[in-house]
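Engineer: task: produce atomic coordinates for the following.
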Amino acid sequence: MTFAEQAASATVAARVLAVLARAPKDAALHAMADALAAASGPVLAANAEDVAAARSAGTQEWMVDRLALTPARIDGMVAGLRSLAGLPDPVGDVVRGWTNPNGVRVRQVRVPLGVVGIIYEARPNVTADAAGICLKSGNAALLRGSSSALASNRAIVAALRDGLAASGLPRDAVQLVEGDRSVTGEMMAARGLVDVLIPRGGAGLINAVVDASTVPVIETGTGNCHLFVDASADVDMALAIMLNAKVQRPSVCNALETLIVHADIAPTFLPRALAALAEAGVTVHGTAEVRAYSPEVVAAGPDEFDEEYLSLDLAALVVASLDEAVAHIRVHSTGHSETIVTSDRRSADRFTAEIDAAAVLVNASSRFVDGGEFGFGAEIGISTQKLHARGPMALPEMTSTKYILDGDGQTRG
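Structural biologist: Numbers count the residues shown, from 1 in each chain. Modelled structure (predicted):
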């Protein structure tokens, strides 16, 4: 099918989904999970093709990690679909309601967005997450994955569509959009056919969609995430949080990219931190103050505090105060997730009040900024914008609202 034909069939499917009660949607999610679990062999085989092609093309290892599937990651995708079935249905929720003096009853209720186009890079697990969230929130999904994950996405979408058909719902509620780059341009220009676009990936992809799209865009963001170790921080706690945030999975957007250390705690904290990072294979790119603590620290370049590494690399600096830490973050943050480790409640309160980000953490790893960790089941992405949705986008964020007015014959004078 052409993209216009896919969008038209998605519109028909969206109308079916929009009026479904919770039970058939949950049954479909379980059927999709069953079908994906049954297809794990073909999915892994397809993914092996994608990974081999990526490595042959010299793709950076952090990108290969995002692309790669394992039995455990497929189990996670299946569990994500099932967990969505266990969550409340947002459609029909009353956001607010009241009765006017004239007796007209007003309700603002959640409704599906309609046809949602998602443009994303590499990570094939996004395919299942996005399809499940869209279905549960009553939306049809047009999924435009990257060419590097094409074989994987074909296998995953085939399984999900089989699950939809087995549950009696239209297969075209979930579709994979294929083709060259011109198809992405068609998606971005499909105002009236696609209700909203969500780009998920690197800054280049996100900015290209935001700048060129005539379809409304919910903007996800890159994650230049900071950790500030305050003067009063518990050193053991700070070390554990730092290592988890940097090393547990460095290729994701909520991984730590910049370490900021208060000068008063630097002599105690930095020797242990730098040794632990080196043992974990992390290359630290530091200012002169940081390099003074270890010859293994390399000099940070002028632009090193502005980008995601998405690898076992970490920028680091020493500051004289909380004010200086906040000022640095304000200049360099992408507005994703920012963390303070401190024993001083006043410092924590100031940090959470003064830092402008989708998520601000106190004494916890930024790796928790994730839809699954929030209890959302899964997520479409992390929004760093300030309109409609901010932070992990799950079921409520995939709805709009409409007003319903009930009267008894009232007319306006």
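Engineer: return whatever helix or strand Phe269 lives in as PDB; C-alpha atoms alone will do.
Structural biologist: If you go by DSSP states H and E, Phe269 is part of helix 266-279. The C-alpha trace of helix 266-279 is given here as PDB (Å, rounded to 0.1, in the frame of the first residue of the first chain):
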ATOM      1  CA  ALA A 266      35.800  16.600  45.800                       C
ATOM      2  CA  PRO A 267      38.900  15.500  47.700                       C
ATOM      3  CA  THR A 268      36.900  12.700  49.400                       C
ATOM      4  CA  PHE A 269      34.600  11.700  46.500                       C
ATOM      5  CA  LEU A 270      36.600  12.100  43.300                       C
ATOM      6  CA  PRO A 271      39.500   9.700  44.000                       C
ATOM      7  CA  ARG A 272      37.000   6.900  44.700                       C
ATOM      8  CA  ALA A 273      34.700   7.900  41.900                       C
ATOM      9  CA  LEU A 274      37.400   8.000  39.300                       C
ATOM     10  CA  ALA A 275      38.800   4.700  40.400                       C
ATOM     11  CA  ALA A 276      35.300   3.100  40.300                       C
ATOM     12  CA  LEU A 277      34.600   4.600  36.800                       C
ATOM     13  CA  ALA A 278      37.900   3.400  35.500                       C
ATOM     14  CA  GLU A 279      37.300  -0.100  36.800                       C
END
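Engineer: which parts of that helix are buried?
Structural biologist: Residues of helix 266-279 classed as buried: Ala266, Phe269, Leu270, Ala273, Leu274, Ala276, Leu277 (neighbour count, 16 or more other C-beta atoms under 10 Å). Glycine gets a C-beta too; all of them are placed from N, C-alpha and C.
Engineer: how about the third one, nearest residue that isn't a chain neighbour?
Structural biologist: Which is Leu270. Tyr293 (4.5 Å; C-beta to C-beta, 6 or more residues apart in numbering).
Engineer: ok so Asp129 is a strand residue?
Structural biologist: No: if the criterion is DSSP: H, G, I helix; E, B strand; the rest coil, then Asp129 is helix and not within a strand.
Engineer: run the chain-centre distance for stretch 259-267.
Structural biologist: On the basis of C-alpha atoms, centre = their mean, to the nearest Å, stretch 259-267 sits 31 Å off its chain's mean C-alpha point.
Engineer: in it, what counts as buried?
Structural biologist: Those buried within stretch 259-267 under the rule 16+ other C-beta under 10 Å are Leu259, Ile260, Val261, His262, Ile265, Ala266.
Engineer: let's have the residues you listed in CSV, adding pLDDT and distance to Val210.
Structural biologist: Output for those, formatted as CSV (pLDDT from 0 to 100; distance: C-beta to C-beta, whole Å):
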residue, pLDDT, distance to Val210
Leu259, 98, 30
Ile260, 98, 29
Val261, 98, 34
His262, 98, 36
Ile265, 98, 39
Ala266, 98, 39
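Engineer: what pLDDT does the nearest residue to Gly407 once chain neighbours are set aside get?
Structural biologist: Nearest in space to Gly407, with sequence neighbours left out and distances taken as C-beta to C-beta, 6+ apart, is Val104 at 4.6 Å. Val104 carries a pLDDT value of 98.
Engineer: where along the stretch 1-150 of the chain do the strands fall?
Structural biologist: For the stretch 1-150 of the chain, the strands defined by DSSP state E, counting those that start in this stretch cover 94-99, 105-112, 115-120, 140-144.
Engineer: hmm, back to that, and the next element down the chain from the helix holding Phe269?
Structural biologist: Sequence-wise, the next helix or strand downstream of helix 266-279 (DSSP H and E) is strand 283-286.
Engineer: surely Thr214 is in a helix?
Structural biologist: No: according to three-state DSSP, Thr214 belongs to no helix; its state is coil.
Engineer: how far away is it from Met187?
Structural biologist: From Thr214 over to Met187 the distance is 10 Å, taken as C-beta to C-beta, to the nearest Å.
Engineer: tell me, how many neighbours does the residue nearest to Gly407 end up with?
Structural biologist: Applying other C-beta atoms under 10 Å, we find 14 residues neighbouring Val104.
Engineer: give the contact list for it.
Structural biologist: By C-beta atoms under 8 Å, 6 or more residues apart in numbering, the contact set of Val104 is Leu405, Asp406, Gly407, Gln410.
Engineer: what separation do you get for Met257 and Asn224?
Structural biologist: Residue 257: Glu, not Met. 5 Å.
Engineer: what sits in contact with each of these two?
Structural biologist: With C-beta under 8 Å, 6+ apart as the test, Glu257 and Asn224 both reach Glu307, Glu308.
Engineer: more neighbours, those two?
Structural biologist: Glu257 (29 against 24).
Engineer: quick check, the more buried one in contact with Leu312.
Structural biologist: No: applying C-beta atoms under 8 Å as the test, Glu257 and Leu312 come out as separate, 11.3 Å apart.
Engineer: sorry, back to before: separation between the residue nearest to Gly407 and Asp408?
Structural biologist: 8 Å.
Engineer: gap between the helix holding Phe269 and the chain center?
Structural biologist: 31 Å.
Engineer: residues making contact with stretch 350-363?
Structural biologist: 221, 228, 237, 241, 322, 326, 329-330, 333, 335-342, 348, 366, 368-369, 382-384, 390-391.
Engineer: identify each buried residue in that stretch, please.
Structural biologist: Those would be Arg350, Phe351, Ile355, Ala357, Ala358, Ala359, Val360, Leu361, Asn363, for stretch 350-363 by 16+ other C-beta under 10 Å.
Engineer: just confirm the fourth one is within a helix.
Structural biologist: So the one you mean is Ala357. No: assigned with three-state DSSP, Ala357 falls outside any helix and is coil.
Engineer: what does the pLDDT read for it?
Structural biologist: 95.
Engineer: before we move on, what about Pro392?
Structural biologist: 88.
Engineer: for Val51, which non-adjacent residue is closest in space?
Structural biologist: Ala68 (5.3 Å).
Engineer: sorry, wrong one. I was asking about Met188.
Structural biologist: Nearest to Met188 is Ser213, by C-beta to C-beta, 6+ apart, at 4.0 Å.
Engineer: and that neighbour, how far from Gly335?
Structural biologist: 20 Å.
Engineer: count the residues that sit near Val16.
Structural biologist: With other C-beta under 10 Å as criterion, Val16 counts 15.
Engineer: now do the contacts for the closest residue to it other than its chain neighbours.
Structural biologist: Of all residues not flanking Val16 in the chain, Pro170 sits nearest, at 5.7 Å (C-beta to C-beta, 6+ apart). Residues in contact with Pro170 (C-beta under 8 Å, 6+ apart) are Ser9, Val12, Ala13, Val16, Leu164.
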